[in-house]
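>>> just need the structure, nothing else, for what follows:
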Amino acid sequence: MPAVAPIGFPPPFDSADVIGPPTDAPEDRIEVGVAIVGGGPAGLACASKLLQLLEKEPELTEKLGEVPVAVIEKGKVAGAHLLSGANMKPSAMEELFPDLDKSEWPVYQEVTKDAVYVLTKSKAIPMKPPPPGFRNHGNYVTSVAKLGRFLADKAEEAGAYILSETAATKLLVEDRIVKGVRSGDRGRGKEGEELPNFEPGSDVVAKATVLAEGTVGHLTYAAYDYFDMHGADPMRWELGVKEVWEVKEPLDRVIHTMGWPLRKSPRFNEFGGTFIYPMGEDKICIGLVVGLDYTDATFSCHDALQLIKTHPFIAKLIDGGKRVAWGAKTIPSGGYFAMPKRLAVPGMMVAGDAASMVNIPTLKGVHYAMHAGMYAAETIVESLKQDPDSVNFEAYDEKVRKSMIEKDLKESRNMRQPFSKGFFMGGAIASAMTVTKGAFPGGHWSQEHDSEIPVDIGKAADMYPKPDNEVTFNKLDSVFLSGNATRDDAPNHVRIQTKVPREVAQTWVSMCPAQVYEIPEAQLENGSAEVDVHVTASNCVQCGAITAKGGRLTLPEGGDGPLYQET
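Residues are numbered from 1 along each chain as shown. Next up is the predicted model:
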């Protein structure tokens, strides 16, 4: 069968449908000073910094009203939808909480040892010294889910209102000025009908709005379309699937691997690797991150992670252990050239992952998100002090462009692209870029959207082990471990065409770590060139991968989705 690009089958979704003026009567609107969409590192750092600054500005605080700062979080609690490696650089935590001892941070330990291995099918070959991007001395191993809860507690202590279980489904724009957001309805049935417990959403109007939605920004990407904010290159993503294991022996170092089971040939375009981090004395996390520009429709990040655990080197680390957590999430990998050409428009700023603030060579983004949130807070206070009715937050752009965010991402601006030439050639070019801080080979290596990459039915799936429920596990059991709690009768929040070429449908089926998509068995057996795609939206853990490969993830009812604890 010929290769097919998923971009040729766009989802039934129009960004314009989620942007519009307020619809509630003025007396029915919820008025807040600053509306922050997203209870992750960017949004919560913004909230805490705002309230720290407002302590010295009583007049401005009074003008912001009874609710000066509101954080709108779609998860059951802050942190419920957060997942990352994560080796966190300490700079943002030190700046935000200068008087807080590091022993009170929500971290497991400081990194003192690193190791990087190239895997073959049976061997682990150490790279000495480790490549510069994998040196983590002085960073801290954390759970971003726990970090989110910690930051939410700090923001609430300072006076922020955390509106959890609240989906921001519409961006309120009037006269091309962002006025706030509208919260989603609750209590609708599968066909959108109002159930007995139906509650309509509300307009939340604000003097300033900060979009900190994370990796796949529902309102952010609509705003990029509406305000023409797109960067030089399209957004791109990688998918990470992660497990936490209770183990018998503690791990004393941070480990990264590359190579097997990802195939080295450029025709497969399989870029990524594993991370294995210590989480105290009795736990480790192990995850696989893979670029979503691969070409084999049968490739599955979840199943490739199960295969990795059978490798002798990794099997030894988890021998006799027990899997206690699982999760999946996309990571923005477009880098510098995918950042929006401006980060602020009248009434609104964008911070964190949805603005492509991730350094892929080092797998770092948490501290950038927090710094960006703090820059947004500073800009809001400076602007509203000069004029309480100001909607001009352009100074935020300048703060980011003069910061480590701009510097670091510019140095790594082309390091993702060379790997389309294969593992060895890509590694050699990326090494040259690392040594020269991006100067050689220089220029702008353009990127395609992941959905523009043609896919065909390959043989990746032939490698995957059958789940034994001890070391290897299936997708549905993993979703259960995520704490996912989405109503079976809720409206479908996944937008795809439901009749597509088999190559596209198989890509969605294999890619999804939560078994959301299914091709009818009869069509698989008779080899139909065009197939139906059935969607079980209640399985979805909102990883966002479908947005990369031809669909569009929108928001379910507030409170739905995973309830991550240690991821």
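>>> count of residues packed around Lys466?
Other residues near Lys466 number 7, with proximity taken as other Cβ atoms under 10 Å. For glycine as for every other residue, the C-beta is placed from the backbone atoms N, C-alpha and C.
>>> which stretches of the stretch 351-500 of the chain form helices?
366-386, 395-401, 404-411, 423-435, 475-481 (DSSP state H, counting those that start in this stretch).
>>> show me the shaky parts of the protein.
In the predicted model of the chain, residues 1 satisfy pLDDT under 70.
>>> okay, the helices of the stretch 351-500 of the chain, which one's buried deepest?
helix 366-386 (a mean of 24; mean count of other Cβ atoms under 10 Å).
>>> wait, a helix at Gln109?
No - in this structure, Gln109 is strand, not part of a helix, as judged by DSSP: H, G, I helix; E, B strand; the rest coil.
>>> shouldn't it be in contact with Tyr277?
No - using Cβ atoms under 8 Å, Gln109 is not in contact with Tyr277, being 9.4 Å away.
>>> which one's more surrounded, the two?
Comparing Gln109 with Tyr277 by other Cβ under 10 Å, the one with more neighbours is Tyr277, at 26 against 17.
>>> could you name every residue contacting both of Gln109 and Tyr277?
Listed as contacting both Gln109 and Tyr277 by Cβ atoms under 8 Å, 6 or more residues apart in numbering are Val141.
>>> put together JSON lines for the helices of the stretch 351-500 of the chain, with distance to Val216 on each row.
Formatted as JSON lines, these follow (distance: least, Cβ to Cβ, whole Å):
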{"stretch": "helix 366-386", "distance to Val216": "14"}
{"stretch": "helix 395-401", "distance to Val216": "21"}
{"stretch": "helix 404-411", "distance to Val216": "19"}
{"stretch": "helix 423-435", "distance to Val216": "26"}
{"stretch": "helix 475-481", "distance to Val216": "18"}
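>>> closest one to His311 among these?
Nearest of those to His311, taken as Cβ to Cβ: helix 423-435 at 17.1 Å.
>>> could I have that closest one exported to CSV, CA atoms only?
Coordinates of each C-alpha in helix 423-435 appear next as CSV, following Å, rounded to 0.1, in the frame of the first residue of the first chain:
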residue,chain,number,x,y,z
PHE,A,423,20.7,7.9,13.8
PHE,A,424,24.4,8.1,12.9
MET,A,425,24.4,11.0,10.5
GLY,A,426,21.9,12.9,12.7
GLY,A,427,24.0,12.3,15.8
ALA,A,428,27.2,13.6,14.1
ILE,A,429,25.5,16.8,12.8
ALA,A,430,23.8,17.4,16.2
SER,A,431,27.2,17.0,17.9
ALA,A,432,28.7,19.7,15.7
MET,A,433,25.8,22.0,16.6
THR,A,434,26.2,21.3,20.3
VAL,A,435,30.0,22.1,20.2
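>>> can you give me the end-to-end span of stretch 9-20?
This stretch, stretch 9-20, spans 26 Å end to end (Cα to Cα, to the nearest Å).
>>> ditto for stretch 476-486
14 Å.
>>> same check, this time on stretch 509-517
End-to-end for stretch 509-517, by Cα to Cα: 5 Å.
>>> now stretch 160-176
OK, stretch 160-176 end separation, Cα to Cα: 28 Å.
>>> list the buried residues in that stretch.
Neighbour-count burial for stretch 160-176, counted by 16 or more other Cβ atoms under 10 Å, picks out 160, 162-173.
>>> just those residues: which are in strands?
Secondary structure defined by DSSP state E assigns 162-163, 168-173 of the buried residues of stretch 160-176 to strands.
>>> any chance of those residues in TSV, with distance to Gly79 too?
Converted to TSV, those look like this (distance: Cβ to Cβ, whole Å):
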residue	distance to Gly79
Ile162	11
Leu163	15
Ala168	17
Thr169	21
Lys170	25
Leu171	24
Leu172	27
Val173	30
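>>> what's the most distant pair in those?
Ile162 and Val173 (24.7 Å).
>>> quick one: contacts of the helix or strand that contains Ala115?
Element membership of Ala115 [criterion: DSSP states H and E] is strand 114-119. With Cβ under 8 Å, 6+ apart as the test, strand 114-119 has contacts from 124-127, 130-131, 134-137, 253-261, 308, 311, 313.
>>> re earlier: between the buried residues of stretch 160-176, which sits nearest Gly201?
The closest of the buried residues of stretch 160-176, once distances to Gly201 are taken by Cβ to Cβ, is Thr169, at 6.7 Å.
>>> isn't the closest one up against Leu555?
Yes - with contact defined as Cβ under 8 Å, Thr169 and Leu555 form a contacting pair (5.5 Å).
>>> on that earlier part again, restricted to buried residues, select the contacts of strand 114-119 in PyMOL.
This is how PyMOL selects the buried members of the contacts of strand 114-119, with burial counted by 16+ other Cβ under 10 Å:
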select buried, resi 124+130+131+134+136+254+255+256+257+258+259+260+261+308+311+313
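>>> closest to the centroid, which residue in the protein?
Central residue of the chain (Cα atoms, centre = their mean): Thr215, 3.0 Å from the mean position.
>>> surely that one is in contact with Ala328?
No - judged on Cβ under 8 Å, Thr215 makes no contact with Ala328 at a distance of 11.2 Å.
>>> picking that back up, what is the helix or strand just after the strand holding Ala115 packed up against?
Once the chain leaves strand 114-119, the next helix or strand it forms, by DSSP H and E, is strand 124-126. Here strand 124-126 touches strand 114-119, going by 3 or more Cβ pairs under 8 Å, 6 or more residues apart in numbering; DSSP states H and E.
>>> done for today, thanks.
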